[in-house]
Every structure is written in structure tokens, then in C-alpha cells.
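K.L.:
Curious how this folds, go ahead:
(2 chains)
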Amino acid sequence: MTSLNIAVFLLSLAGFVALAAGMTKHAKHLLRRELPNAVSRLLRALGWLLLAAALAVGIKQWHTDVGLVTWLGWLTVAGLLLVFSLPRWPWQPITRAAKPRPETPDAPAPRSSRQVALGALLLTAPLAVFAWQLITTPEQPLLREDALHGQIGPWTFSLAEQDQHAPEIVALEVPLKTFVIRFCDACQRDIRLASLKVRQPHNPSAAGNAFGGRGTDKRVEIPIPRAASIQDGLWLTVEGNDGSVHQQRFAIERLSPALARFIEEQP
Amino acid sequence: MRLLLLLGALLCATAAQAHTPVCRCQLEAQQISCQGGYDDGSSADGITMRVLAYSGETLADGVLDTRSRFSTPLPGQPFYILMDAGPGEMFEIDWRDVAGIDQQHFEVTSTTF
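P.N.:
Numbers count the residues shown, from 1 in each chain, chains lettered A, B, ... in the order given. I've put the predicted structure just below:
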């Protein structure tokens, strides 16, 4: 996941550099020479394409909502990096000696160090917020690498544990573990109920607790039996609106290593 | 006020969604005693309890009493108890999960006969 963040950042930075090099003023600054019009146009097109590629990577990995925000965040970082790098570029554009301005009463007063500090704070605050969000926001379970993608009956799905921790112990000392499932968009209207439990269900009406909730990601809390073993497996039962019932077993250690460890440690 | 009511309703909806039935059973003098409830510690009195054989045959049934308790005699065959709080909301206790029952209890019984 980190490598994808780096990819979005590098693509954004490369896009901005190409866009800058494609502009006459910045080309002279960056490359110490003017480029032919055709090359400038090509660089500008390349710049936009690279920015679009960064967005595509973000959306592919994190879907439209999170992908768009992540892209905007890295765009900000890349843009600021380029802007603040230009004054430190190995060579600087030759500028004509500025004529001393005649002092007029309307001339703005030079900026104080306090104003500069405030400006710097305003520029860096969004960056700090973005970095904080990036570090603290938990990864979406179904986008993690350990999410399981498969098919049950005619329906494709993604399934993952909500978090990678041991089950939560609730009332009566019962351990509960939460899982998330998402069926393909077209599948959802054909599915009546999807349930999950530890151990093979004795009959379809005792298939465990059902996934529920708003949106496309459905969640379920399942109890972990007192005498559960790793060999019991996790059983997904999906009942279609046409009355068909499909079942699939998953290895506990594949879907949740933390749950497998918890079960093994039980007396 | 409407906004507050809407917010309250939304909060309640979230709470209702996170209501998972839980249960613990133990064997006491050939009688299985179960204590049911919900994951937040609230009572589940009136919830249906069924004792089923692995074949699906109902061996006994009842409801959790006002103290959220249910008891039933120990069946003579492998069984499971189903606490049924509604469609897709259940808690299953296999005989192996009942505290106080030997894990080889029914294997020993079947070899004896």
C-alpha cells in the first residue's frame, strides 16, 4: 500500500515537472533553454497524462471517494515540493537588475517575519492534516492485501476481517469477531441472506449470523465457540432470492490469523 | 428539534444493528443450564431456545425466562442448542461448547452400546 502512495506521489511530481518544462518561462528556468513549440506542447500533454495516471492509480486502488482525496493530497505535496525547489534549482534565470522603485506613499510595506511565518503555517497546515489522516485512518478491510476474493454460486464477493486483532470479549465472556463482505454490484439484488459462522452449519436455517448494514459493505459479528478448533473452518452460506443455497468453507488462518492464534491459545 | 430526533434515530439504528445474541451453557447434574443475553449485557428474556439433534429433530424447546435463563435435560445423543433471536441473529452452542461435558462424552456413549 505504501508503494502505491509513493507511485501516486511520483506520478504527480513527474506530471508537474513536465507541465513546468512545457511552459516557456519555467523551461528556461529548469532547462536553461527555450524548447521548440512542438516539444513544449508534447511536455504539457505528458504532464496532464501523468496527473491523470496518478488519479487512475488512486481510483483503481481506493475507489473513487478515497482515491480522489488521496490523489489531491499527493498533488498538494508534489506541487509544493516543486514550487519550493525552484528557488534552489542549481541554476537560476538571469534577471535584469531591478530599478530602484521610487518611494511612494501608496507602496505596500514590506512583509514582516510574522506575516511570513503565518503564510508558511497556512501552507503547511493542510499538509500536516493530510499526513495525520494518512497515518491514522485505518485501511478499508476489503482493500487490504489479506482480503479474500472469490465466487460463491453465481456471485463474486470480497471477504475480510474488520480488523486484524483478536476477537473482542463481550458479555458472558463470549468472544465476537467482525467480518466484512461485499458482493458484486449486480449480485446484490439476487441475494436474500448471507451468513457466516465457525463450523459447518447443521442446516441452512442455522447458518449463523447474517451480514447486514447500509451501503455495499455488509458486516457481521460472529461468536467464537468455546471449543472451536482451527479445523472447524469459517462457513459462508448465501441464500438467493430464487431459493438456492450455496455454502463455502474458508480456512480460519487464511481469513484471520489473529482469530486462528486466539483459538489455538484457548485452554 | 427535528434534527435532534433524526440524530437520535440514527444513533439508535446503529445500536440496534450491533445487537448480537450471546449465550453460555453448563452441565449441572445431568441438566444443562444456559444464560443468554446480548453482547452489550442486556437481557434476552423471551428469546426462543431450541435443542436439536444433528439430524434436525427438535429434542426440546422453550424460551429464556425473565432472568434470561433456560435449562433442559442432557440429551442422550449429540445435540446443539440454538438461541434464535430472529432471521440471521442466532447463537449456536454445540454440545462440545457446554462447560462440564467431557469432549469424548458421546464417543464413549456410542462405543459402549
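K.L.:
tell me which residues form a beta bridge with the closest residue to chain B within the stretch 151-267 of chain A?
P.N.:
Here the stretch 151-267 of chain A gets closest to chain B at one residue, A:Ala210, 2.4 Å apart by Cβ to the nearest Cβ. Backbone N, C-alpha and C define where each C-beta goes, glycine included. On the basis of DSSP bridges, A:Ala210 is bridged to A:Ser195.
K.L.:
I'd like the distance between the residue most central in space within chain A and chain B.
P.N.:
Residue closest to the mean C-alpha point of chain A, counted by Cα atoms, centre = their mean, is A:Trp62 at 4.2 Å. Distance of A:Trp62 to chain B, given as Cβ to the nearest Cβ, to the nearest Å: 24 Å.
K.L.:
Report the rounded mean pLDDT for stretch B:97-107.
P.N.:
Stretch B:97-107 shows a mean pLDDT of 88 in the predicted model.
K.L.:
Just the terminal-to-terminal distance for it.
P.N.:
For stretch B:97-107, the first-to-last residue distance is 15 Å (Cα to Cα, to the nearest Å).
K.L.:
Is chain A within reach of it?
P.N.:
Yes - counting by Cβ under 8 Å from any Cβ of the partner chain, chain A has neighbours in stretch B:97-107: B:Asp97, B:Ala99, B:Gln103.
K.L.:
Following the chain past the host helix or strand of B:Val51, name the next helix or strand.
P.N.:
B:Val51 is part of strand B:48-53 when elements are defined by DSSP states H and E. Toward the C-terminal end, the helix or strand that comes next after strand B:48-53 (DSSP H and E) is strand B:58-63.
K.L.:
List the buried residues for that next one?
P.N.:
B:Leu59, B:Ala60 (16 or more other Cβ atoms under 10 Å in any protein chain shown).
K.L.:
Report the inter-axis angle for that strand versus strand B:48-53.
P.N.:
Here strand B:58-63 runs at an angle of 170 degrees relative to strand B:48-53 (axes from the mean of the first three to the mean of the last three Cα atoms, to 10 degrees).
K.L.:
residues in contact with strand B:58-63?
P.N.:
Defining contact as Cβ atoms under 8 Å, 6 or more residues apart in numbering or on different chains, one finds that strand B:58-63 is touched by B:45-53, B:70, B:72-73, B:75, B:77, B:79.
K.L.:
how about 6 Å then?
P.N.:
Contact with strand B:58-63 is made by B:Gly46, B:Thr48, B:Met49, B:Arg50, B:Val51, B:Leu52, B:Ala53, B:Phe70, B:Thr72, B:Pro75, B:Phe79, as judged by Cβ atoms under 6 Å, 6 or more residues apart in numbering or on different chains.
K.L.:
Now for these: which two are most distant?
P.N.:
Spanning the widest gap among the contacts of strand B:58-63 are B:Gly46 and B:Ala53, at 24.7 Å by Cβ to Cβ.
K.L.:
Quick check: the residue of chain B nearest chain A.
P.N.:
Closest point on chain B to chain A, by Cβ to the nearest Cβ, is B:Gly88, at 2.4 Å.
K.L.:
Near chain A, which residues of chain B are found?
P.N.:
Residues of chain B that fall close to chain A, judged by Cβ under 6 Å from any Cβ of the partner chain: B:20, B:22, B:24, B:37, B:39, B:41, B:54, B:56, B:82, B:88, B:91, B:96-97.
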